[in-house]
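Chemist: dropping a prediction and its sequence here:
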Amino acid sequence: MRYRIERRPEPSALMRVAAPAIATLLTIIVGSVFFAVLGYDPLATLNAFFVEPVSSLNGLSELLLKASPLILIACGLAVGFRANVWNIGAEGQLIIGAIAACGVGLFYPDPESFLLLPLMLIAGAVAGMAWAAIPAFLRARMNTNEILVTLMLTYIATLLLSWLVHGPWRDPAGFNYPQTALLPGAAMFEPFDYSYRLNSSIFITVIAVVAMWLFADRSFLGYKLSVSGAAPLAARYAGFRESSAVWTGLLAGGAAAGLAGMAELSGPLGQLSPQISPGYGFAAIIVAFVGRLNAFGIVLGGLLLSLLFLGGEAVQMSLGLPSALTRIFQGILLFFLLAADFFIFYRLRRLAEHA
Amino acid sequence: MAAKRSEGVGRGRAQPWQRMSSTAAATPPRLAPLASLGSLVDPPLKGEGFAGRGAPLVRGQEEARTQPMTPRLELRNISKRYPGVLANDDISLAIMPGEIHAVLGENGAGKSTLMKIIYGAAQADSGEIYCDGKLIQDHNPAVSRALGVEMVYQHFALFESVTVAENIALCLRGPFDRRALSSRIVELSQRYGMPIDPARKVHELSVGERQRVEIVRCLLQNPKLLILDEPTSVLTPQAVSKLFETLRQLAAEGCSILYISHKLDEVQQLCDSATVLRNGRVTGTAKPKETTSLELARMMVGSNLPHMNVTPSNLSDGPVLEVRDLSAESRSHHGVNLRDVSFEVFGGEIVGIAGVSGNGQAELISLLSGERTHKRVEAIRIGGKDAGRLHANARRRLGMTFVPEERLGRGAVPSHTLWENALLTGNRAGLVRSGFVDRGRAVAFAKNIIERFGVKANGPEAAAQSLSGGNLQKYIVGREIVLAPKLLLVSQPTWGVDVGAAAFIRQTLVDLSRAGAAVLVVSEELDELFEICDRLLVICQGRVSPPLMRAETNREEVGLLMTRLGTATSEKSGLALQD
Amino acid sequence: MDLFVAIFTGTVIAATPLIFAALGELVVEKSGVLNLGIEGMMLVGAAFAFWAVVAGLPMPLAILAGALAGAAASLLFGVLALTFLTNQYAAGLALAIFGSGVSAFLGRNFGSEPIDGLKPLAIPLLSDIPVLGPLLFRYDPLVYLAILSFVAIAWFLSRTKGGLILRTIGESPEIAHAIGYPVVKIRYWAVLFGGLMAGLGGAYLSVAYTPLWVENMTAGKGWIALALVVFATWRAYRVLLGAWLFGGMTILQLQGQALGLAVPSELLSALPYLATIVVLVIISQNRQMLAEHFPASLAKPFRPTV
């Protein structure tokens, strides 16, 4: 029996929807094999990884708490990815957003002011955008590859954060820990219930998802960006400026990441420390892909990746497995998803035997 | 002969003279010119190349001596299906040694697919190929070359960034001895009147020179069968007759030639026999020299030959497009610089730009369309307004529209639907309201184009890449015409388009101009330009000739301009070498 | 004088992992494939080599283990990019994330103790030459291997038919396929070679340079290697120069910290990343130079139609 891979005449709509599900399933299968090889009962471990973390109200709160920045950033990144603008430095933009917001929170003259939180919000978004504006300018005007620049800027942002919390911004009353003082209450998002950490910053994400949907699916600007991404020569032919795609794509990602950084700071963290993000900026790239660069897909992708983070933490505590498992699963999930995508455009066909 | 080769392999390596003598046995006239090449010619069977690939490539009877009547190549019942099309349907044909055989057919008739199958670059779904009476199995290009089958591709298979000698070395077996190979190239290319410099990089060569490289590359393999795919589509009339001389010389030496073309006159001039294809099937065989053009055309096109209706033009008062002393460096690494280009196009007329591709057409058209801007605003004027610095979008606002030569990826986004592609340039026709896309209107807009221009497509939701080349071209031409342009730029309007659609597109352009629009057509096809244009410009190495009135010029004059125009000041000697 | 020797030898040593990784990537990119996952492959190589040393394998085998682990990781990318025609950016990113996860997982029990690392090898006689001896002939064997691989790769790319084939596949896989070269197969080999070299670079970090295990110890060296290939405008000798430049930057920055400059150490540590950006910007201005040796089909999926 011979098979041949051939291009489908039309991309398969079914596979487009099914691919993420198939990829998730395969990831779980590989995961259980992996656990079995390590000598753990696969079912129990899977249960500990994927089910237990979300089987309590607190677990669900944590799921949404972690999904929120992932979804928010992924929405911003997807704008760029649709235009083939590869911002992979959202982690850095998140850090800078958090730093700027923290600066406002710490040094605003009136710590009781109701303006504090909105100002921090703006500071976070603007700082994220400013950090992303560097690669945007360099790509649009100086022809410099944005992948490398965004990434290098992430390392620089990390070092900047480290310097601030070890040096000038370190809390004098903090027992020499590398962290700032706690932010005043007016700088914090209100939790829905003080037993859980989930807070009102999730509305930012909800707004971002709706905006992303309107932008990508309905607006002419979104259409222009998708043309730039799918066929740059067609964009030039139609007179859509490449530089505007670059700017829009990077600034959207920067703003979203900066906001996410601010929301982390004013949400669960309350102070700046080197551990501002467990890699949300990178994981959001996977969320954007798993979600097919589509607003509602991103919501599902964000929940899935959030679950991976929770599961990683859970097995670290219950089984003593390192949380690096999360990154392994993220990688595997993306591998399978990309491979499954192939079958949107191609199919296997059985060949008639010929003499 | 093939069995003889196998023996040679069995002993470890076949000596060049063995192959020579066996070729000579079958076709004596071949010996004289090529025997002296003995040591120069790389034996295709040398070393591991043949035996090392394992599988027995040639199977068949033990009889070593080729009977005179065994075809050099025989196809039996070849069929090939691509998703959605039956490209080749039960095709059979045979070519004798020393014969020049045409495969004649319109664009899309399945010629190129058939050639790829013969050469092994594509696999047939069913059917058999025999070379000198032996069935070819596990076909691929390396097998073809081992059998002495060589192919000159329509769009040349040459790497731009490396030298002529390196390009040729890539097709030869064994290590690369630059010096020895270079002298072989020089010797062989001179013998056939096609001088080339082996040390030059391909991107420095003119199209004609590139073709010579391709042919010399094939000749170095000492081919028994040479396949040429539309070899004249990029040549000037003068270069074509030069090429034909070379091909006749080769055939006289015993090399079979398979000549793929859609040009009747060329086939009638050159070929001994012809197989005509239409829609993937053989519709007839003929001796072209004894058959009338009309008969051949009927076989090719079917019943009704399209007829053009060109009325006299009625010019506008002032020019719609003015180009003044336009000079520009090429942006691509291997491009051509434009020098002092000046011309104008009036409303009501069609102006054609003739020339061998790669002479600055791409640079000129992207400057005119606004895909590239020019710092001198007054170098390009559209509708009386300075437009040099305007981007494509702003020029469209002045009433320009544009049909580019690349349909997929430039004129249309391949993965987008037709209605989404309508937005690409149709967005100014009320399809976008306060920043949001009006889907209903966009779909209606697309539907209108599909109906009015007879586009065969699965409705406005069909992806652009699912359409055939001709239908997508009709859609793009339709989209640009529905926008009611004052100026339409068209590049290669009928490339790869079947004959019916081509005629329709040409007629549409004529009608548009007669309704008052200025139309500028860039094309490689002289026939096409002579059919529809009122005035002709010739572009050569970045320079544009003064206008010629269509009624007062002829192919020869245009052909000469196509080769001579830039040579006086050019570093690229181009085709002038051989004239 | 001692300071100069320290800076010079330090530069050569610090450049070594970059040379391995960037030369590997050069070969991959020359074939028209863009593998962004160098960071992941280096980390996997570092972790496996370290693990092999801890497990008691002799040093050469441990280094080989690191190299092979890098190659195995690159195979994941290869299958996605070459067989499944995935977007190469995304596949490379997946590999970078996956590799960092795998290495961290593997390294969970390594502890923070240094191992008995790869020893410098004083070349007899030559190393005793005054001045030149300490400058040139007292490195560990991998430093010499890096230089040797540079010579071999430069020679292969510019002087051999194999190199010609690789380069032309990078220019136009369609043409290479049409004249009968097995494009996908050759690209697989290139990708595997790139993985092998990245693995070597990672192994060098964990068993020779530091030699201890730190999670994410490459700290962006894989990405810098990627930038080096652009900086080198796809020419081997410039990869070598670039690697030394960055090696020098790293050492100067360390020396600066050691000398107790009044600048915060974090800001000094940021210098190599900043320098990468600056260098990229400068090189990107020269489009002509970028275009000249650029593999025209870079990152474009290719599938032969048969």
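Modeler: Sure, I can see it. A quick note: this is a predicted structure, and the numbers were derived from the prediction, not measured.

Chemist: what about the chain, any weak spots by pLDDT?
Modeler: I went with chain A, as the question did not name one. A:1-2, A:351-355 (pLDDT under 70).

Chemist: nope, chain C
Modeler: Scanning chain C for pLDDT under 70 picks out C:1, C:306.

Chemist: residues from it in reach of chain B?
Modeler: By Cβ under 8 Å from any Cβ of the partner chain, the residues of chain C that approach chain B are C:160-161, C:164-165, C:167-168, C:171-172, C:175-181, C:288, C:291-292, C:296, C:305-306. To be clear about C-beta, it is placed using only N, CA and C from the backbone, and glycine gets the same treatment.

Chemist: the strands in chain A, which residues?
Modeler: Counting by DSSP state E, chain A has strands at residues A:2-7, A:346-351.

Chemist: quick one: buried residues of stretch A:260-278?
Modeler: For stretch A:260-278, a neighbour-count test (16 or more other Cβ atoms under 10 Å in any protein chain shown) marks A:260-273, A:276-278 as buried.

Chemist: where does the stretch 1-150 of chain C get nearest to chain B, residue-wise?
Modeler: Of all residues in the stretch 1-150 of chain C, the one sitting closest to chain B is C:Lys30 (11.4 Å; Cβ to the nearest Cβ).

Chemist: need the strands of chain A in JSON lines with mean neighbour count and distance to C:Gly117, can you?
Modeler: Output for the strands of chain A, formatted as JSON lines (neighbours: other Cβ atoms under 10 Å in any protein chain shown; distance: least, Cβ to Cβ, whole Å):
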{"stretch": "strand A:2-7", "mean neighbour count": "13", "distance to C:Gly117": "47"}
{"stretch": "strand A:346-351", "mean neighbour count": "13", "distance to C:Gly117": "48"}
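
Chemist: of these, which approaches chain B most closely?
Modeler: strand A:2-7 (6.2 Å).

Chemist: doesn't B:Leu158 fall inside a strand?
Modeler: No. According to DSSP: H, G, I helix; E, B strand; the rest coil, B:Leu158 belongs to no strand; its state is coil.

Chemist: go ahead and confirm it touches B:His203.
Modeler: No. Assessed by Cβ atoms under 8 Å, B:Leu158 is found out of contact with B:His203, at 9.3 Å.

Chemist: can you name the residue of the stretch 151-300 of chain C nearest chain A?
Modeler: Closest approach between the stretch 151-300 of chain C and chain A, counting by Cβ to the nearest Cβ: C:Glu266, at 3.7 Å.

Chemist: equivalent analysis for chain B, please.
Modeler: When scored by Cβ to the nearest Cβ, chain B has B:Asn393 as its residue closest to chain A, at 2.9 Å.

Chemist: near that residue, how many residues? Count them for me, please.
Modeler: 15 (other Cβ atoms under 10 Å in any protein chain shown).

Chemist: ok, now which ones touch it?
Modeler: Contacts were defined as Cβ atoms under 8 Å, 6 or more residues apart in numbering or on different chains; by that measure B:Asn393 touches A:Ala238, A:Gly239, A:Phe240, B:Gly370.

Chemist: what about it, distance to chain C?
Modeler: Separation of B:Asn393 from chain C (Cβ to the nearest Cβ, to the nearest Å): 24 Å.

Chemist: the helix or strand where that residue lies: which residues count as buried?
Modeler: Taking DSSP states H and E as the criterion, B:Asn393 maps to helix B:392-397. Buried residues in helix B:392-397, defined by neighbour count with 16+ other Cβ under 10 Å: B:Ala392, B:Ala394, B:Arg395, B:Arg396.

Chemist: pLDDT of the very next helix or strand once past that helix, averaged?
Modeler: Next along the chain after helix B:392-397, taking DSSP H and E as the criterion, comes strand B:400-403. For strand B:400-403, mean pLDDT rounds to 97.

Chemist: name every strand pairing with strand B:400-403 and say which way it goes.
Modeler: Partner strands and pairing direction for strand B:400-403 (DSSP bridges) are strand B:487-491 (parallel).

Chemist: for the partner strand, give the mean pLDDT please.
Modeler: The model assigns strand B:487-491 a mean pLDDT of 97.

Chemist: again, but for stretch B:105-119
Modeler: Stretch B:105-119 comes out at a mean pLDDT of 86.

Chemist: stretch B:151-164 too?
Modeler: Across stretch B:151-164, the average pLDDT comes to 85.

Chemist: now it, how far from the centre of its chain.
Modeler: Centre-to-centre, stretch B:151-164 and its host chain are 13 Å apart (Cα atoms, centre = their mean, to the nearest Å).

Chemist: repeat for stretch A:239-254
Modeler: For stretch A:239-254, the distance to the chain centre is 19 Å (Cα atoms, centre = their mean).

Chemist: and that stretch with chain B, contact?
Modeler: Yes. Counting by Cβ under 8 Å from any Cβ, chain B has neighbours in stretch A:239-254: A:Gly239, A:Phe240, A:Arg241.

Chemist: helices of the chain, start to end?
Modeler: I'll assume chain A. Using DSSP state H, the helices of chain A run over residues A:13-37, A:42-46, A:57-82, A:90-107, A:116-142, A:146-166, A:202-213, A:220-230, A:232-238, A:242-264, A:280-290, A:295-319, A:324-345.

Chemist: sorry, should have said chain C
Modeler: Along chain C, the segments classed as helices by DSSP H run C:2-30, C:38-54, C:59-78, C:88-106, C:132-136, C:141-159, C:161-171, C:173-178, C:183-204, C:221-231, C:236-258, C:265-269, C:271-285, C:287-292.

Chemist: what would those helices look like in JSON lines with mean neighbour count?
Modeler: Output for those, formatted as JSON lines (neighbours: other Cβ atoms under 10 Å in any protein chain shown):
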{"stretch": "helix C:2-30", "mean neighbour count": "23"}
{"stretch": "helix C:38-54", "mean neighbour count": "31"}
{"stretch": "helix C:59-78", "mean neighbour count": "24"}
{"stretch": "helix C:88-106", "mean neighbour count": "26"}
{"stretch": "helix C:132-136", "mean neighbour count": "15"}
{"stretch": "helix C:141-159", "mean neighbour count": "17"}
{"stretch": "helix C:161-171", "mean neighbour count": "22"}
{"stretch": "helix C:173-178", "mean neighbour count": "22"}
{"stretch": "helix C:183-204", "mean neighbour count": "27"}
{"stretch": "helix C:221-231", "mean neighbour count": "27"}
{"stretch": "helix C:236-258", "mean neighbour count": "20"}
{"stretch": "helix C:265-269", "mean neighbour count": "18"}
{"stretch": "helix C:271-285", "mean neighbour count": "19"}
{"stretch": "helix C:287-292", "mean neighbour count": "13"}
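
Chemist: how about these, which one is nearest A:Gly105?
Modeler: A:Gly105 lies closest to helix C:265-269 among the helices of chain C, at 21.8 Å (Cβ to Cβ).

Chemist: packing partners for the closest one?
Modeler: The elements that helix C:265-269 packs onto, with contact taken as 3 or more Cβ pairs under 8 Å, 6 or more residues apart in numbering or on different chains; DSSP states H and E, are helix A:146-166, helix C:236-258.

Chemist: next, count neighbours for B:Phe436.
Modeler: B:Phe436 has 16 neighbouring residues, counting by other Cβ under 10 Å.

Chemist: contact partners for it?
Modeler: Neighbours of B:Phe436 in contact, by Cβ under 8 Å, 6+ apart: A:Arg218, A:Ser219, A:Phe220.

Chemist: state the distance from it to C:Ala198.
Modeler: 47 Å (Cβ to Cβ, to the nearest Å).

Chemist: before we move on, what about A:Val315?
Modeler: For A:Val315 relative to C:Ala198 (Cβ to Cβ), the value is 29 Å.
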